[in-house]
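**Q** Model the following, please.
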Amino acid sequence: MLMLSLRPTWVKEMDETIKKIDHEGILTKEKVLEDEWYRSEKRIYTLEKWTKFESILKSYLRSRDDSQLNMYLFKGDFVADHEMSSELYRHKGGQMIRRDGVIKEVLTYYKNEEEGIRYARSIEFKDSSQIDSVKMVLLHLPFEATLLTHEDYQKSSDRYDRMMKSMRMSDFKSKRLNKKYDRKNDRLVKKRKKDFN
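**A** Numbering: from 1, shown residues only. Presented below is the predicted three-dimensional model:
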């Protein structure tokens, strides 16, 4: 891994374009799903030959597994994504009471299908009620940079395709999947309570 010192010129130029898309992009599609546990928001913005896909997942649970992901494409080709997420660690042995976890920020850029760079930073927290203040500390930490290859580009592009597929999924199918997940989750919760006692 390379420590971030100076960003390449092409990354700086892309950041300027991303700022413009974020401020001037026109909302063309939106999908919001909500239940008692989560709120999921997905939006598509366009500006000239650019497309921005935005996904926000907000948890109403104590676990605070939240995320925000922005993906950017130029003429249909994947060029960048920015992600901020927080998640609790899953401990073995019934340690459901612990509320420690990690917050991550990842910025990914591709100059072309063969060359890219990823900047990442993260910070652990001991109590999920302190996430907001820990996020402020994260914003002052340095990034670590990693050079990316065609294989990384393909993974990012495939991830975008999966996100778009979920955007196109009908509300009826989404609700069916949520019910299936709820039934499975109920069984897991009952099993954990039984194991814990």
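
**Q** can we go C-alpha only for contacts and neighbour counts from here?
**A** OK.

**Q** what residue ranges in this protein score low on pLDDT?
**A** Scanning the chain for pLDDT under 70 picks out 1-6, 62-64, 91-98, 128-129, 170-197.

**Q** If we use 90, what do you get?
**A** 1-7, 33-40, 58-66, 76, 86-103, 124-139, 163-197 (pLDDT under 90).

**Q** Could you pull out the strands in it for me?
**A** Here the chain has its strands, by DSSP state E, at 2-3, 26-34, 38-47, 50-59, 66-74, 77-88, 101-110, 116-125, 144-148.

**Q** The fifth one pairs with which strands, and in what direction?
**A** Paired neighbours of strand 66-74 in the sheet (DSSP bridges): strand 50-59 (antiparallel), strand 77-88 (antiparallel).

**Q** any chance of these in TSV, plus distance to residue 169 and mean neighbour count?
**A** As requested, those are arranged in TSV below (distance: least, CA to CA, whole Å; neighbours: other CA atoms under 10 Å):
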stretch	distance to residue 169	mean neighbour count
strand 50-59	14	20
strand 77-88	21	20
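
**Q** For the ones you listed, give me a markdown table that also has distance to residue 31.
**A** A markdown table is the format used below for the strands paired with strand 66-74 (distance: least, CA to CA, whole Å):
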| stretch | distance to residue 31 |
| --- | --- |
| strand 50-59 | 10 |
| strand 77-88 | 19 |
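
**Q** of all the ones you listed, which lies closest to residue 65?
**A** Nearest to residue 65, of all the strands paired with strand 66-74, is strand 77-88, at 4.4 Å by CA to CA.

**Q** which residues sit against the closest one?
**A** Outside strand 77-88, the residues within contact range by CA atoms under 8 Å, 6 or more residues apart in numbering are 63-73, 99-112, 128, 156-157.

**Q** one more time with 7 Å, if that's ok
**A** 63-73, 99-110, 157 (CA atoms under 7 Å, 6 or more residues apart in numbering).

**Q** Alpha carbons only: can I get it in CSV?
**A** Only the C-alpha atoms of strand 77-88 are listed here, as CSV (Å, rounded to 0.1, in the frame of the first residue of the first chain):
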residue,chain,number,x,y,z
ASP,A,77,-18.4,3.2,-18.3
PHE,A,78,-17.7,2.9,-14.6
VAL,A,79,-15.3,5.6,-13.4
ALA,A,80,-15.6,6.1,-9.6
ASP,A,81,-17.4,5.3,-6.4
HIS,A,82,-17.4,6.9,-2.9
GLU,A,83,-18.6,4.9,0.1
MET,A,84,-19.0,5.6,3.8
SER,A,85,-20.2,2.8,6.0
SER,A,86,-20.5,1.8,9.7
GLU,A,87,-21.1,-1.7,10.9
LEU,A,88,-20.9,-3.6,14.2
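
**Q** distance between it and the chain's centre?
**A** Distance, stretch centre to chain centre, for strand 77-88: 4 Å (CA atoms, centre = their mean, to the nearest Å).

**Q** Cheers, nothing more for now.
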